[in-house]
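**Q** Sequence and predicted model, in that order:
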Amino acid sequence: MLYCYGEKSTLRMLDEIVFWKRQEEEHTVVIRNLTRDLEEEYIISLESWEQAFAQSEGLAARYVEAIIRAHYNIDSNLRGQIYQFINFSLNQSKKFIQFLNTLTKESTAIKNNQTAIVVINHIRRESDYFIGITKAFLEI
């Protein structure tokens, strides 16, 4: 993410969250479809992650709409809510990576599927990329 957005950088960060939470949501589906013999507990967990990411994506989109309606004049209350949400999104992705680590270590179906391992490693890197840009934004 470029940092030349000035006063619109918060809006740009929310756009990133919309995009990356949609990606993470889709990644849960990819893992389930790629591993047909995946254990039930992991299917249920992935479905829960899918719903959580969809909710985060939706909330980010609502914050984008609120900023636009306010003509980019974000009051301190809204700014605080948004920053709290950005931190939540960051931590959500960290926890998802922890889940992926557990999945690759404990799931027999994943261990026996080299393609799934490669895909999950790619998914992990993408979530890690989101974490990096979010941390950079929060440090500005």
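**A** Thanks, I have the structure now.
**Q** tell me which element the residue positioned nearest the centre of the chain is part of?
**A** Centroid check for the chain by Cα atoms, centre = their mean gives Lys21 as the closest residue, at 3.7 Å. Here Lys21 is covered by helix 9-34, with elements defined by DSSP states H and E.
**Q** Leu138 and Glu41, how far apart?
**A** Separation of Leu138 from Glu41 (Cβ to Cβ, to the nearest Å) stands at 33 Å. C-betas here are computed from N, CA, C, even on glycine.
**Q** Over to Gln84?
**A** From Gln84 to Glu41 the distance is 31 Å (Cβ to Cβ).
**Q** With Lys135 instead?
**A** Lys135 is 31 Å from Glu41, by Cβ to Cβ.
**Q** helix or strand right after the helix holding Lys21?
**A** Next in sequence after helix 9-34, counting helices and strands by DSSP H and E, comes helix 40-69.
**Q** give the contact list for the residue nearest to the centre of the chain.
**A** Under the criterion of Cβ atoms under 8 Å, 6 or more residues apart in numbering, the contact partners of Lys21 comprise Phe53, Ala54, Ser56, Glu57, Ala60, Ser89.
**Q** In space, what's closest to the third one - neighbours in sequence excluded?
**A** What sits nearest to Ser56 in space, not counting adjacent residues and going by Cβ to Cβ, 6 or more residues apart in numbering, is Lys21, at 4.5 Å.
**Q** Check the first one too.
**A** What sits nearest to Phe53 in space, not counting adjacent residues and going by Cβ to Cβ, 6+ apart, is Glu25, at 3.7 Å.
**Q** Look up how far Thr10 lies from the one you found.
**A** 22 Å.
**Q** ok, the two, which is more surrounded?
**A** Thr10 (21 against 18; other Cβ atoms under 10 Å).
**Q** Poorly predicted segments of the chain, please.
**A** Applying pLDDT under 70 to the chain picks out residues 1-8.
**Q** For stretch 38-54, output the C-alpha coordinates as CSV.
**A** Extracted in CSV, the C-alpha atoms of stretch 38-54 (Å, rounded to 0.1, in the frame of the first residue of the first chain):
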residue,chain,number,x,y,z
LEU,A,38,-10.3,-33.2,5.5
GLU,A,39,-11.3,-34.0,9.0
GLU,A,40,-14.7,-32.7,10.2
GLU,A,41,-13.3,-30.6,12.9
TYR,A,42,-11.2,-28.6,10.4
ILE,A,43,-14.1,-28.3,8.0
ILE,A,44,-16.1,-26.8,10.8
SER,A,45,-13.3,-24.5,11.8
LEU,A,46,-12.8,-23.3,8.2
GLU,A,47,-16.5,-22.6,7.8
SER,A,48,-16.3,-20.5,11.0
TRP,A,49,-13.3,-18.7,9.6
GLU,A,50,-15.1,-18.1,6.4
GLN,A,51,-18.0,-16.4,8.2
ALA,A,52,-15.7,-14.4,10.4
PHE,A,53,-13.8,-13.0,7.4
ALA,A,54,-17.1,-12.2,5.7
